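J.: Dropping the sequence and predicted coords here.
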Amino acid sequence: GEDVEQSLFLSVREGDSSVINCTYTDSSSTYLYWYKQEPGAGLQLLTYIFSNMDMKQDQRLTVLLNKKDKHLSLRIADTQTGDSAIYFCAESPYTGGGNKLTFGTGTQLKVEL
Amino acid sequence: DSGVTQTPKHLITATGQRVTLRCSPRSGDLSVYWYQQSLDQGLQFLIQYYNGEERAKGNILERFSAQQFPDLHSELNLSSLELGDSALYFCASSPDREVAYEQYFGPGTRLTVT
């Protein structure tokens, strides 16, 4: 079955790098996503990676995928206070009939001055 | 702003009642997804519609139903409401493909059942 796990909290100092980790179980996953949720807001798609890729970089964001270990990470360089939010990892196992997202529990990132 | 709109933003109702949540997808998106976010269950997929037809079903209760109309907007109907149905309900839409890579979420409807 599908299961996505994340640690619940991460605290970093402004200017440092943040690394948020995620593990998933479904070996048929084709796409893996990172979403950001700020208080009282919806989910903002940050980036996604196809399962045949190892890495994807987009400005301050770097996604690393270790398919063998089913481990996904999101690195945020030069973390700012505006990055404080909950970050969700999600997977999409392609079934040919849609691509529902299975989300992790979310990691709350707190950025301290 | 993702381009996905949801109404109402907040809804307070009593147990046993029925409510309808509305979603308008991004312009041109044919797929609409509904998700529920609650403290104990986290974010869970409920149901997907593609161009008016049900495409995939998740952990959706029998008391809940959805539909997608010809203008592509979607409604999620929740009936015989229970306290445990209190949650944030998100709608998402994805581009004009059957297998779509990006889902864009609306701001959500916060449902409180008292």
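T.: Ah, there it is.

J.: Does stretch A:37-55 reach chain B?
T.: Yes: under the criterion of CB under 8 Å from any CB of the partner chain, chain B is reached by stretch A:37-55 at A:A41, A:G42, A:L43, A:Q44, A:L45, A:Y48, A:F50. In this view, the C-beta of every residue, glycine as well, is placed from N, C-alpha and C.

J.: Any chance of a ChimeraX selection covering the buried ones in those residues?
T.: Restricted to buried positions by 16 or more other CB atoms under 10 Å in any protein chain shown, the ChimeraX selection for those reads:
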select /A:42,43,45,48
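
J.: mind listing what residue 43 touches?
T.: Because you didn't say which chain, this covers chain A. A:Y35, A:K36, A:Q37, A:F88, B:L43, B:F90, B:A92, B:F105 (CB atoms under 8 Å, 6 or more residues apart in numbering or on different chains).

J.: switch to chain B, that's the one I care about
T.: A:L43, A:F88, A:F103, A:G106, B:Y35, B:Q36, B:Q37, B:F90.

J.: ranges for the strands of chain A?
T.: Secondary structure of chain A (DSSP state E): strands located at A:4-6, A:9-13, A:18-24, A:29-37, A:43-50, A:55-58, A:61-66, A:71-76, A:85-93, A:102-103, A:107-112.

J.: and of those, who's closest to B:D29?
T.: B:D29 lies closest, by CB to CB, to one member of the strands of chain A: strand A:43-50, at 13.2 Å.

J.: ok, that closest one: who's next to it in the sheet?
T.: Strands that pair with strand A:43-50, judged by DSSP bridges, come out as strand A:29-37 (antiparallel).

J.: pLDDT score assigned to residue 17?
T.: No chain in the question, so chain A it is. As predicted, A:S17 sits at a pLDDT of 97.

J.: Can you look at chain B instead?
T.: Looking at B:Q17, the pLDDT reads 98.

J.: again, but for the one 4 residues further on
T.: Turning to B:L21, the model gives it a pLDDT of 98.

J.: The one 5 residues further on now?
T.: Looking at B:R26, its pLDDT is 95.

J.: Could you look up the SS state of it?
T.: Under DSSP: H, G, I helix; E, B strand; the rest coil, the three-state class of B:R26 is coil.

J.: Tell me how many other residues crowd it.
T.: 17 (other CB atoms under 10 Å in any protein chain shown).

J.: just A:L64 next, same as before
T.: 17.

J.: how far away is the closest residue to it other than its chain neighbours from chain B?
T.: Nearest residue to A:L64 in three dimensions, chain neighbours excluded: A:S73, at 4.8 Å (CB to CB, 6 or more residues apart in numbering or on different chains). Taking CB to the nearest CB, to the nearest Å as the measure, A:S73 falls 20 Å from chain B.
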